[in-house]
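Asker: coordinates only, sequence not included:
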């Protein structure tokens, strides 16, 4: 028979664990502390385990969704909490230093699930690092997944002494634990947590208004080995993770090996990410209406936690993309100014913005055409269409917002799509230099002695974007000037007036004569 000394890490194996017996002491106590962020993930894990085993849980649920369970409450006063700790058969808690110390003082080696800032459970990752350190010292039973959590509870209730420490040990350990907690917490909290240099990632963000050539530019950049172009990451939550639309490689997102590896590195698997929480976080900060306010102190004070958490979600994805691909730079062609402004506040992201512009009249004509979305299988779905007036307004507004990035000193390079298509090698050279990359990367481009330049495109793992992200092989780089003959004269006059200022700024007023 294998025995385990009290306080030693639980050995989890693939063998079945004896069914948990009803504890002689009071149930399982779950404590999430007093943080303003909800921690429904931990409470849901405990709920599901309790339902499956029949063992009751008492929950201190804080700011999380209220739990209608006997003995449970949003908060316990100090005396009540200590009494609950003494009565509990097993203690489960978040990674708060004070809660862990109190649990050990009461004779428990607590099962700890740290809050994750990427899931909007905390403002930073100090609980994760603190809990990892405590776990390595054998002072807590650290669980990062629901499977580990259930296994730890099953094992602890099958053998109650596993997570108990003796009275003398608890008394002696309490002071040492408190001191050690203080030392570790000082190292994690006093210094503002920032990603280490190895966690930082350079991101080239292609911004502007849609139909301005961002997907083609993204594809050309992504042909080089030191660049990984992943399309429009802003749509990864809904189109990829929720709707399982096709990756640029042709596979459904859930079946793409590249993105599976990215999810594993970023979050321990996409299934570990709370998608609803991520989309709710996006809704709170990544909106066009917030762009002008993102530079104002009162907005940042109110939304700082959300901005940091949202930025951390993206940093994890970008960092994992770079690690899986081996690239030095990740290209995100999301275009949305709101995301670019949000990423400015992210730690660990070296943000470079490529502002790509195209003649507003050509853009408006492109938005008026019917374009099927091939990434949706089994249904005929078209991309949105806009009237000439709406397109003109959006073209002017979106491009103007990217000039604000200059004012807030975000590195920005502005290029015209027409120039990139006419002289792709020159455009590529300028973009790579701006992104901090060396010369080269243009092996996919050829310029015949007579004729238009050609790009040889191989498959890339773009998560969303224009349908041409599925085009592979040799592509002749020809400027689409169909709008000159097909855009109705009245619409053309309206657009010429509406976009006059922007076209003057970008050098389009005399473009036809060049």
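Answerer: It's in. Just so it is clear, the model here is predicted, and its values are computed rather than measured.

Asker: ranges for the strands of the stretch 101-250 of the chain?
Answerer: In the stretch 101-250 of the chain, the segments counted as strands under DSSP state E, counting those that start in this stretch are 111-112, 141-142, 201-207, 227-229.

Asker: the first one packs against which elements?
Answerer: Which is strand 111-112. strand 88-93, helix 126-136, strand 141-142, helix 146-158 (3 or more C-beta pairs under 8 Å, 6 or more residues apart in numbering; DSSP states H and E). The C-beta positions use only the backbone N, C-alpha and C, and glycine is treated the same way.

Asker: now with 7 Å, please.
Answerer: Contact here means 3 or more C-beta pairs under 7 Å, 6 or more residues apart in numbering; DSSP states H and E; on that basis strand 111-112 packs against strand 88-93, strand 141-142, helix 146-158.

Asker: thinking again about what came up before, ok, which of the strands of the stretch 101-250 of the chain comes nearest residue 285?
Answerer: Residue 285 sits nearest to strand 201-207 of all the strands of the stretch 101-250 of the chain, at 15.9 Å, using C-beta to C-beta.

Asker: mind listing the helices in the stretch 101-250 of the chain by residue range?
Answerer: Per DSSP state H, counting those that start in this stretch, the stretch 101-250 of the chain carries helices over the ranges 126-136, 146-158, 167-185, 214-221.

Asker: least reliable of the ones you listed going by mean pLDDT?
Answerer: Among the helices of the stretch 101-250 of the chain, helix 167-185 carries the lowest mean pLDDT, at a mean of 48.

Asker: run a quick neighbour tally on residue 86.
Answerer: 14 (other C-beta atoms under 10 Å).

Asker: follow-up on the earlier one: can you list the helices and strands packed on strand 111-112 in TSV and add mean neighbour count and distance to residue 35?
Answerer: Shown next, in TSV, are the helices and strands packed on strand 111-112 (neighbours: other C-beta atoms under 10 Å; distance: least, C-beta to C-beta, whole Å):
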stretch	mean neighbour count	distance to residue 35
strand 88-93	26	12
strand 141-142	24	19
helix 146-158	20	19
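
Asker: and these as TSV, adding distance to residue 65?
Answerer: Putting the helices and strands packed on strand 111-112 into TSV (distance: least, C-beta to C-beta, whole Å) gives the following:
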stretch	distance to residue 65
strand 88-93	17
strand 141-142	24
helix 146-158	17
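
Asker: averaged over its residues, which helix or strand of the protein has the lowest pLDDT?
Answerer: Sorting the helices and strands of the chain by mean pLDDT, DSSP states H and E puts helix 167-185 at the bottom, at a mean of 48.

Asker: so where is this structure shaky, pLDDT-wise?
Answerer: Applying pLDDT under 70 to the chain flags the ranges 1-26, 166-198, 295-302, 510-514.

Asker: quick one on the thing from earlier: same list (the strands of the stretch 101-250 of the chain) but as a markdown table, adding distance to residue 96.
Answerer: Converted to a markdown table, the strands of the stretch 101-250 of the chain look like this (distance: least, C-beta to C-beta, whole Å):
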| stretch | distance to residue 96 |
| --- | --- |
| strand 111-112 | 9 |
| strand 141-142 | 14 |
| strand 201-207 | 30 |
| strand 227-229 | 37 |
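
Asker: which one of those lies closest to residue 397?
Answerer: strand 201-207 (12.8 Å).

Asker: distance of residue 402 from residue 232?
Answerer: Computed as C-beta to C-beta, to the nearest Å, the residue 402 to residue 232 distance reads 16 Å.

Asker: neighbours around residue 478, how many?
Answerer: For residue 478, using other C-beta under 10 Å, the count is 10.

Asker: actually, residue 490.
Answerer: Neighbours of residue 490 under the rule other C-beta under 10 Å: 9.

Asker: please, which helix or strand holds it?
Answerer: Here residue 490 is covered by helix 489-498, with elements defined by DSSP states H and E.

Asker: tell me what that helix is packed against?
Answerer: helix 360-368, helix 388-407.

Asker: how about these, which one is nearest residue 321?
Answerer: Per C-beta to C-beta, nearest to residue 321 of those: helix 388-407, 22.6 Å.

Asker: ok, and what's touching the helix or strand following that closest one?
Answerer: The helix or strand immediately downstream of helix 388-407 is strand 412-416, counting by DSSP H and E. Strand 412-416 has contacts (C-beta atoms under 7 Å, 6 or more residues apart in numbering) with 353-358, 405-406, 427, 430-431, 434, 506.

Asker: dump those to JSON lines, plus distance to residue 203.
Answerer: As requested, these are exported to JSON lines (distance: C-beta to C-beta, whole Å):
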{"residue": "353", "distance to residue 203": "9"}
{"residue": "354", "distance to residue 203": "11"}
{"residue": "355", "distance to residue 203": "15"}
{"residue": "356", "distance to residue 203": "15"}
{"residue": "357", "distance to residue 203": "20"}
{"residue": "358", "distance to residue 203": "22"}
{"residue": "405", "distance to residue 203": "14"}
{"residue": "406", "distance to residue 203": "18"}
{"residue": "427", "distance to residue 203": "19"}
{"residue": "430", "distance to residue 203": "18"}
{"residue": "431", "distance to residue 203": "13"}
{"residue": "434", "distance to residue 203": "12"}
{"residue": "506", "distance to residue 203": "24"}
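
Asker: now these as a markdown table including distance to residue 83, neighbour count and secondary structure?
Answerer: Below are the contacts of strand 412-416 laid out as a markdown table (distance: C-beta to C-beta, whole Å; neighbours: other C-beta atoms under 10 Å; DSSP: H, G, I helix; E, B strand; the rest coil):
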| residue | distance to residue 83 | neighbour count | secondary structure |
| --- | --- | --- | --- |
| 353 | 56 | 24 | strand |
| 354 | 60 | 27 | strand |
| 355 | 61 | 24 | strand |
| 356 | 63 | 27 | strand |
| 357 | 66 | 27 | strand |
| 358 | 68 | 26 | coil |
| 405 | 56 | 21 | helix |
| 406 | 60 | 13 | helix |
| 427 | 70 | 23 | helix |
| 430 | 68 | 16 | helix |
| 431 | 64 | 25 | helix |
| 434 | 62 | 16 | helix |
| 506 | 70 | 20 | coil |
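
Asker: what comes up buried for the helix or strand containing residue 279?
Answerer: Using DSSP H and E, residue 279 maps to helix 275-285. By 16 or more other C-beta atoms under 10 Å, the buried positions in helix 275-285 come out as 277, 278, 281, 282, 284, 285.

Asker: dump the residue contacts of residue 467.
Answerer: By C-beta under 7 Å, 6+ apart, the contact set of residue 467 is 371, 372, 373, 374.

Asker: hmm, back to that, nearest to residue 386 among the buried residues of helix 275-285?
Answerer: Nearest to residue 386 among the buried residues of helix 275-285, with distances taken as C-beta to C-beta, is residue 282, at 22.5 Å.

Asker: and that closest one, how far is that from residue 233?
Answerer: Distance from residue 282 to residue 233, counting by C-beta to C-beta: 11 Å.

Asker: just residue 319 next, same as before
Answerer: Computed as C-beta to C-beta, the residue 319 to residue 233 distance reads 13 Å.

Asker: show me which positions of stretch 255-271 end up buried.
Answerer: Under 16+ other C-beta under 10 Å, the buried positions of stretch 255-271 are 256, 258, 259, 260, 262, 263, 265, 266, 267, 270.

Asker: identify the farthest-apart pair in the contacts of residue 467.
Answerer: Checking these with C-beta to C-beta, the most distant pair is 371 and 374, at 9.6 Å.

Asker: now residue 324. Nearest residue, chain neighbours left out?
Answerer: Among residues not flanking residue 324 along the chain, residue 261 sits closest, at 4.7 Å (C-beta to C-beta, 6 or more residues apart in numbering).

Asker: wait, the one you found sits on residue 323?
Answerer: No: judged on C-beta atoms under 7 Å, residue 261 makes no contact with residue 323 at a distance of 8.6 Å.

Asker: show me the domain layout of the chain.
Answerer: 26-190, 200-513 (automatic domain parsing).
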